[in-house]
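Novice: Sequence first, then the predicted structure:
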Amino acid sequence: MPSNIVENATGASRAGQPLVRARGVAKAFSGNAVLHSVDLDLYPGEVVGLLGENGAGKSTLMHILSGGLVADSGTIDLAGEPVRFGNVSDGISAGISFVHQELSVVGALSVAENLYLGRFPRTPLGFVDKVLMRASSKALLERVGAGALDPAREAGSLRAGEQQLIEIAKAAGRQPRLLILDEPTSSLTPHEVESFFSYVRNAREAGTAIIFITHRLEEALGLCDRLVVLRNGAIVSERKPAETSREQLIADMTGKPAIYDYKPRAIDENAVALSLRNVSDGVHIEDISLEVRRGEVLGLFGLVGAGRTELLDVIHGVRPLKSGYLTLNKRTFSPRDPSEAVKSGVVLVPEGRKTAGILPQHSVRDNAAISSLRRFASRFFSDRSGEASRIAAFTKSLGIRMANDMQPISTLSGGNQQKVIFARALMAEPQLLLLDEPTHGVDVGAKADLYTIIAQAAERGLTVLMASSEVPEILALCDRVAVLSKGRLAGILERSEMSEDRILTLAFREH
Amino acid sequence: MNTGLVALKRLGRHREASVLLMLLVVAVYLSFASEYFLAPRNLLNVGRQASVVAIVALGQALVIIGRGIDLSVGSVIGLSAVVAAVVIRDTGLESVGLFAGLLTGLCCGIVNGLLYTRLKINPFIATLGTLSVARGIALLMTGGIPVPMGGIAEFVGAGRIAGIPVSFLLMIVLAIAVHVFSVRTVRGREIYAIGDNPKASRLAGVDLKATRLFIFAFCGLLAGLGGIILSGNLASADPNLGVGYELDVIAAVILGGTALSGGRGSIAGVVIGALLMALLNNAFVLLGISAYWQVVTKGLVIIFAVALDGLQRGGEDE
Amino acid sequence: MNTGLVALKRLGRHREASVLLMLLVVAVYLSFASEYFLAPRNLLNVGRQASVVAIVALGQALVIIGRGIDLSVGSVIGLSAVVAAVVIRDTGLESVGLFAGLLTGLCCGIVNGLLYTRLKINPFIATLGTLSVARGIALLMTGGIPVPMGGIAEFVGAGRIAGIPVSFLLMIVLAIAVHVFSVRTVRGREIYAIGDNPKASRLAGVDLKATRLFIFAFCGLLAGLGGIILSGNLASADPNLGVGYELDVIAAVILGGTALSGGRGSIAGVVIGALLMALLNNAFVLLGISAYWQVVTKGLVIIFAVALDGLQRGGEDE
Amino acid sequence: EPPKGGTVAAVENTKGPIKIAFLSFQNNPFWTPVTDGAKAANDYLKGFNATVDFVDLGNELSAEAVVAGIEGALAKQYNGIVVVPIFDGTARIINEATEAGVPVFNIVAEGAAPSERLAFIGQDATSAGEQIGKFIQEKMNGKGKLGVITGYFGATQHTQRMNGAVDYLKANAPDIQIVGPFENKDKAEEAYSLVQDMMTSNPDLSMVYVTAGGPFGAAKAVKDLGLTGKVGVVGFDHTPDNMQYLKTGEMVGLLDQAPYQQALDASVMLYNYLVAGTEPPAKVIPVVGNLLTPADAK
Ligand SMILES: Nc1ncnc2c1ncn2[C@@H]1O[C@H](COP(=O)(O)OP(=O)(O)OP(=O)(O)O)[C@@H](O)[C@H]1O
Ligand SMILES: Nc1ncnc2c1ncn2[C@@H]1O[C@H](COP(=O)(O)OP(=O)(O)OP(=O)(O)O)[C@@H](O)[C@H]1O
Ligand SMILES: [Mg+2]
Ligand SMILES: [Mg+2]
């Protein structure tokens, strides 16, 4: 239950009335309390960082503030007036914009149309004013640092980071009084993050109240005026960035100091698990050769568009190989379909949890079991009883937070969904584990758990190839790192040579 | 490079391209195989024969783009025609009758929309229900006996202006209007949005219920118009008019490149789809193909038209 | 708390619940309204009348759960029946004929599956194509003239074991088998997975193509069986057998709570859906409902059965 | 002299080549003799420098298909058209063709709306219904229960056949109680199920009248229920499926429409009109159906 270390960092120094005053907000889903009596004040011209573990209730709280969910009890005042939103439109018209954790661009519409969806400008004849919309879209995109995007492009053809920027621009365009940003940076490049920050700072100057949810503590410390930590559905601390530290925040979030440090592993130099020779897919990646040894964790770094996802796709049989060849345990390996790869013990935790990861209508248990159905089947019948005990073991070791394993996975928080996808991969008892941005949306505590699990699996001989955009993650876990640039291998760094600087230098290398 | 080739490639990227190609192939073949095919009179016949399917398909296309489906259009055609004819017969007022017919279509559409948005009934089942109910009402109203139809309706269904069938002209005008509506107006764009991603659209403030109600109502209205044209053409409102039309209409929409999963599709494609189907029927008559081969050929052409598209594009959602 | 109430609530959460409720309401009403309804003989008749729709719906359910749709089942019923009858007539070997009939169904299903998985044709269009082609072939093979059918097929279609119709028994056995298959076997569970999220399933190692091919092939096989039962029942294989069956079969599947968008559905629900539809027809005759009201009532019952579910559940994807 | 199976002889051709379009459907065995009649007409008229082209309107009967077929025949500049118009909605296009100088000869069934066709040869559905009604009255000795199964609710011909019989019985045999009507959508399997259910709720039913497609399904149900001899089925058309049950006794009466003769005579009369201006003997040439009973089948 909430510990008593609440220190009101805002104090009496703050002038004026809060824009939002939430008191005693509580919410339960089918009997499980997710928020207990939360009190929160938000002031104009302030950036509040909202931190907490996966499933702490951050997104739920934001849905309540914005009208997407109705609280079971408690009151919300907006600019001094009590409000009770019935739906999202009420929130929007009250000046609340919400950038959701899950991407929600409309792929069939153009970028400009996405920015103005729900409030299209009209010509006197009642048509959509495309000219006006294009011009102001351009301006909007520039404000969030995406000025290079063509407003006429179909939004569905953009990569995840670009789609994220569109959502931010969409929210910005509504000139909100309260702007809620739920993990907006998880798919942005460092450069994009910078321009995004400057947008947030401008908005703060203009008097917008901003809530910024993130699992990247450095970002929170760098951007926010006040940090609020939510744990198990209750606020446990409020701190000023200048007066706190990473470690302190982690302790607030998890109740224990959780940090993962690299531990060297003994790796047999000659035991090559996977080798790639001159691999090309004819489109995105070209002439890549590298070797991964048994029990090694090899990082795969690159800027957005470097081709990491595509390389993993080739190894997993998702994408056809154009030229070159692969060997797995010294035998030629050329899967034509992921099903063949999985059969050979190669599993993938894909990028894009919602589109490529979860089976939204299935239970947690079914989601976890899908890759290993064939492995544990006796003849045609799947092993239902064995599944229950396997998922129970992984629930414990991965710290998956849920009511029971028969609840639909879509009711889990984002980070917990990701852990279930991890459980799915590990349950298939793979020889080679492919990870694509595996800790997107995963909280610091859970990240450390995942790192421990990956490290332990590697100790037992599992080979891991991990694509990541976060250098600290690479540094925390990998024995070596292969850096890609524009679809080619820019270089491989041994553990001893690995540093943020050298990795980024390679990543920016031109061919 | 060669600009013609580039233009061709750009065209190929559109989903309508393969069905347009198929249409051209059939047309070129026919112009060699039958001396009568290219006669203006025959071409206009094809246009007229396509017009009712095309007009109803315009509404169906919006429904499918918005991630719905309307199986009741065939019955709504029948019911609207019967209501119009009965009102004309009983009141003698033609304009009142036609208005009543259109209103009937609109009401059926609104009922479908409400069943979906208020009672949350899957549109497939909801409109399967209205399919049966509307047909039953048409039968009850007439006791199963066709009612004569004439006047304006007959002019719209069978008349010609400067030699061109009125229903064909009407189809062209409506297609242009619906095209402009779908790409230029707010509602139109919102239909695409809710079809592509209903949840995101709702979060962005699009009124899902109103938009869904609108597309079903509009589809019903066009089905009502279709009923009036068809009964006008036949000078008779048969309560069984339009039986089985739903499959033709949906096939035209999908042949034209509209995705059943919503969010994608174009009005031009729908018209081309309807024309292809009418052209096939014309070909059967002109070439004197036996009934059984007609059935086989029709299936093969449908498959080919879409296979071209599928092969060129490769898998999608996987 | 009251355990009965809890059990009822749990039942209510299942999508089959509302159609089961509707079935019970109709049945209870009938048992008061007609003295003949509860006679075992009448109940068995209802079971027999539901059996072909239910058997074909078992296959269709798997297809729809796997996010496909098979419009060709009605034509496959006709073609399989005709092939079986013609082979029996020409060779005199009954087992060869029945085997040929089933094989025909299987082949049609495989063709559908290949059109979808290899040529990437949207299953709605692909099976609309085979609907036409299969019907055309059946007509061509027979010149439109029914072929007599008898022997084992007639026993399966019209025979009884201890007073119970064989086709009903077969339906029960198959329903149990398919139910077990769908919830207990690897393939079965993979069908649900690919229906829920094809991309994620593929990445998780499910063989999309093989699974899709399988469901269409299986659906075709069951349609072939349906054709043999139906023609056996009439002792005649009419090339027009099964026309329009697809809508009945799909309606049974969706009435039973299967989502058209895939990933969800139960075999028990499908059987209940088919029984409800057969029960309605039985009710019309037992109660002597007047002609056109039959059509209206059918639509209303379909709407109500699903409205119950929708109201209880509220919106879903939005 | 007249060709075999026909009743009208062709006159000398002094006009040069004549092209006649014969538009008909094909979806069940009923159409086979129609097609054969058209072929026979072609063979016969070949000797008179005239052709009869059979144009298949497909397997789905609808007014639109007829309209499209006539439009196509006009586009192909035929001299005359023989057509199976069936529906009310075909009158307008028939008038249009006539005005364009292409005479149209209707056969088998036409809509109730009057048209300017040259003539109609065929069975009047209402009087055919009456004919059946009389037959039923005799068979049932004026009392008992009669089940009625009709093809499609709202299909004119089906309704007329049904009402022809039912109205006759109501007027002349008030003791015959009518059960139904029910719709079988021309399907034999539906007729089978309907008879099963009718027998359940009316165990004393003694006769079933099927107005359109699938009477043999009803007969099969009677056979399977072991009621041969107790319950009889009456229906239309001498197709092999139906005839079979005439032999075994479940079918007690089958009325036909002499389709072969209709097709052949209509073609020849149209030819005569085209080359010599010979008007057909009447605007409506009735064909009295041939009512077969088990005695005829033996
Ligand atoms: N619709 C729902 N039904 C049932 N439980 C739900 C539902 N939505 C959320 N929950 C539960 O509420 C809890 C809080 O979820 P929430 O999404 O607010 O977490 P979060 O703090 O945003 O986590 P993350 O950092 O992973 O996004 C989780 O345990 C989740 O399983
Ligand atoms: N939807 C798309 N349409 C066209 N090109 C794309 C699309 N998505 C990615 N690309 C292109 O594919 C290449 C590799 O993309 P991708 O972004 O997946 O690489 P990555 O290294 O895995 O980066 P990340 O995973 O961080 O986004 C780039 O050239 C990119 O522009
Ligand atoms: Mg969250
Ligand atoms: Mg990537």
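Specialist: All right, it came through fine. Residues are numbered from 1 along each chain as shown, chains lettered A, B, ... in the order given. Ligands and ions are numbered 1, 2, ... in the order given.

Novice: For residue 178, which residues are in contact?
Specialist: Using chain A here. Residues near residue A:178 by CB atoms under 8 Å, 6 or more residues apart in numbering or on different chains: A:19-20, A:42, A:65, A:95-97, A:208-211. (Each C-beta comes from the backbone N, C-alpha and C, glycine too.)

Novice: my bad, chain B
Specialist: Applying CB under 8 Å, 6+ apart to residue B:178 gives the contacts B:58, B:61-62, B:267.

Novice: Is it in a helix, a strand, or coil?
Specialist: With DSSP: H, G, I helix; E, B strand; the rest coil as the basis, residue B:178 sits in helix.

Novice: how far away is it from residue D:34?
Specialist: Applying CB to CB, to the nearest Å, the value for residue B:178 to residue D:34 is 43 Å.

Novice: Which element, helix or strand, includes residue 37?
Specialist: Going with chain A. When elements are assigned from DSSP states H and E, residue A:37 belongs to strand A:32-42.

Novice: not what I meant, chain D
Specialist: helix D:31-46.

Novice: Is any residue of that helix near chain B?
Specialist: No - contact of helix D:31-46 with chain B (CB under 8 Å from any CB of the partner chain) is absent, the minimum separation being 8.6 Å.

Novice: after that helix, next one along is what?
Specialist: Downstream of helix D:31-46, the next assigned helix or strand under DSSP H and E is strand D:50-56.

Novice: hang on, the earlier thing: what about the strand holding residue A:37, distance to the chain center?
Specialist: Taking CA atoms, centre = their mean, to the nearest Å, one finds strand A:32-42 lying 23 Å from the centre of the chain it belongs to.

Novice: again with stretch B:73-82
Specialist: 13 Å.

Novice: Quick one: mean pLDDT for that stretch?
Specialist: For stretch B:73-82, the mean per-residue pLDDT is 96.

Novice: need the contact list for the closest residue to residue B:84 other than its chain neighbours.
Specialist: With CB to CB, 6 or more residues apart in numbering or on different chains as the measure, residue B:101 is the residue that lies nearest to residue B:84, at 2.9 Å, once sequence neighbours are left out. Neighbouring residues of residue B:101 by CB under 8 Å, 6+ apart: B:80-81, B:83-85, B:87, B:224, B:227-228.

Novice: wait, which of the residues you listed is closest to ligand 4?
Specialist: Ligand 4 lies nearest to residue B:224 out of the contacts of residue B:101, by CB to the ion, at 51.1 Å.

Novice: you'd agree the closest one is up against residue B:103?
Specialist: Yes - between residue B:224 and residue B:103 a contact is recorded at 7.5 Å, counting by CB atoms under 8 Å.

Novice: Filter the contacts of residue A:178 down to the buried ones, ChimeraX style.
Specialist: A single ChimeraX command selects the buried members of those (16 or more other CB atoms under 10 Å in any protein chain shown):
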select /A:19,20,42,65,95,96,97,208,209,210,211
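
Novice: how about low-confidence regions in the chain?
Specialist: Using chain A here. Chain A contains residues with pLDDT under 70 at A:1-15, A:256-260, A:510-511.

Novice: Switch to chain B, please.
Specialist: Across chain B, the stretches falling below the confidence threshold (pLDDT under 70) are B:1-15, B:309-318.

Novice: list the contacts for residue D:155?
Specialist: By CB under 8 Å, 6+ apart, residue D:155 lies in contact with B:144, B:240, D:212.

Novice: What parts of the stretch 401-511 of chain A come near ligand 2?
Specialist: Counting by CB under 6 Å from any ligand atom, the residues of the stretch 401-511 of chain A close to ligand 2 are residue A:469.

Novice: one more time with 8 Å, if that's ok
Specialist: Residues of the stretch 401-511 of chain A lying near ligand 2 by CB under 8 Å from any ligand atom: A:436-437, A:467, A:469, A:484, A:486-487.

Novice: of those, closest to ligand 3?
Specialist: Comparing those against ligand 3 with CB to the ion picks out residue A:437 as the nearest, at 16.6 Å.

Novice: what's the distance between residue A:148 and chain C?
Specialist: Going from residue A:148 to chain C by CB to the nearest CB, to the nearest Å gives 28 Å.

Novice: now that residue, what's its secondary structure?
Specialist: Three-state assignment for residue A:148 (three-state DSSP): coil.

Novice: what's near enough to touch the closest residue to residue A:101 other than its chain neighbours?
Specialist: Spatial nearest neighbour of residue A:101, chain neighbours left out: residue A:182 (4.1 Å); criterion: CB to CB, 6+ apart. By CB under 8 Å, 6+ apart, the residues touching residue A:182 are A:58-59, A:62, A:98-101, A:213.

Novice: Residue A:182 and residue A:401, how far apart?
Specialist: 18 Å.

Novice: Check residue B:137 too.
Specialist: As judged by CB to CB, residue B:137 and residue A:401 stand 55 Å apart.

Novice: Kind regards, and thank you for your time.
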